[in-house]
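Novice: Here is a sequence with its predicted model. Questions after.
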Amino acid sequence: MIYLQLFFSFLQIGALSFGGGYAAMPLIQEQVVTMHGWLSMETFSNLVTIAEMTPGPIAVNSATFVGTRIAGPGGAVVATLGCILPSCIIVTLLAYIYTKYRKMSLLQGTLTSLRPAVVAMIAKAGVTILVSSFFINGAVELFRENICIRMVVFFTAALVLLRKFKMNPILVMVLCGVANMVFCAAAGS
């Protein structure tokens, strides 16, 4: 039964996540955190980090991670297949249609109109991750007790390193991870 749930959950994600992995993150969150409760919000935030750091598409990496976590290697295979099956079918159909009708202005207009929706989905994913990282109870409440200053400092430092010094994003993620481990080790002693 869990295999079917994993397959159909990630089938929906694969079928409805236009615009790539970042656009899929709100859909993945809805399925694995809200609907099924397979992951906590904190674990979901870790999932986003792991999915970004590992090679491959974020949605597929997320499916593999969730499948493994919920039902072992079989769950990883089922969830990953559910995630990629819609894309395989849709891309095959679209390639046929596009080659047949590529000069049609209606098709070009439709493709152009999808861009704002994709930007909105990516922005929503980013805001969700920031809120869950910056605010301890997951709600935007500007009380000192609710703000995770350490995460705000790490975010600001990462932003400066990326924008001003043009550092490699993977190196910045590793540096933030090391800094967090050092901070946690120092706080624990």
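Specialist: Nice, thanks for sending it over. Keep in mind that what you see is a predicted model, and the values were worked out from it rather than measured.

Novice: just for the protein, where's the confidence low?
Specialist: In the predicted model, the chain carries pLDDT under 70 at residues 20-21, 189.

Novice: quick one, longest helix in it?
Specialist: The helix that spans the most residues within the chain, counting by DSSP state H, is helix 58-101.

Novice: Check the gap between the spatially most central residue of the chain and L4 for me.
Specialist: Relative to the mean C-alpha position of the chain, the nearest C-alpha, by CA atoms, centre = their mean, is the one of M25, at 3.7 Å. In this structure, M25 and L4 are separated by 23 Å, where distance is defined by CB to CB, to the nearest Å. In this view, the C-beta of every residue, glycine as well, is placed from N, C-alpha and C.

Novice: ok, now E52?
Specialist: In terms of CB to CB, E52 sits 28 Å off from L4.

Novice: repeat for P26
Specialist: Note on P26: its distance to L4, by CB to CB, is 23 Å.

Novice: what does T68 give?
Specialist: Here the distance between T68 and L4 works out to 17 Å (CB to CB).

Novice: try L106
Specialist: L106 is 38 Å from L4, by CB to CB.

Novice: repeat for A185
Specialist: Distance of A185 to L4, computed by CB to CB: 43 Å.

Novice: ok, back up a step: report the inter-axis angle for the next helix or strand after the longest helix of the chain versus helix 58-101.
Specialist: Of the helices and strands lying after helix 58-101 in sequence (DSSP states H and E), the nearest is helix 105-113. Between the direction of helix 105-113 and that of helix 58-101, the angle (axes from the mean of the first three to the mean of the last three CA atoms, to 10 degrees) works out to 160 degrees.
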